[in-house]
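**Q** Provided below for reference: sequence and predicted model.
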Amino acid sequence: MKKNFLSGLMIAALVVSCTKSTSKTETVENPDGSVTTTTTVSESGLGVDTAKINDVKEKTESRIDAAGEKIDNIAEDAKSKMDATADKTKENLQKAEQDIKTEANKVGKDVKDAATKGAGKVEEGAKKLREDLDR
């Protein structure tokens, strides 16, 4: 985007600063029979040297290209860092998932053990209650 904008500005400056030149050629026959040709060039406009404009244009294009390369490199570095962060986050989530599964299994076993013990105590209490009622 920046490249296109800068190129547009450069072209606009080039168009505005170009000079218009006209040439006039005169041919004169000398008394001895030889012909002399004279060419007159006149320039109108802002008087800017197009060679300088072309030089500036080339320098600007090289700077734009260099800036584009820097932007591409920075974007590539950022992408690499984001990919590395995503991979690390994925690993951490997988580890957390394993930890949760392990702890859930432990809790499940503890609940089963507690339920079994509780059921045994309830049965013992029921037996004692029957014995007390039978007496």
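**A** In hand now; what should we look at?
**Q** give me the element the residue nearest to Thr27 when sequence neighbours are not counted is part of.
**A** Excluding the flanking residues, the one nearest Thr27 by Cβ to Cβ, 6 or more residues apart in numbering is Thr37, at 5.0 Å. All C-beta atoms are positioned from the backbone trio N, CA, C, and that covers glycine. Using DSSP states H and E, Thr37 sits within strand 35-44.
**Q** does anything pack onto that strand? Which helices or strands?
**A** strand 20-29 (3 or more Cβ pairs under 8 Å, 6 or more residues apart in numbering; DSSP states H and E).
**Q** and Lys112, how far from Ala119?
**A** To Ala119, Lys112 is 10 Å away according to Cβ to Cβ, to the nearest Å.
**Q** and Ser62, how far from Asp55?
**A** From Ser62 to Asp55 the distance is 11 Å (Cβ to Cβ).
**Q** likewise for Arg135?
**A** 118 Å.
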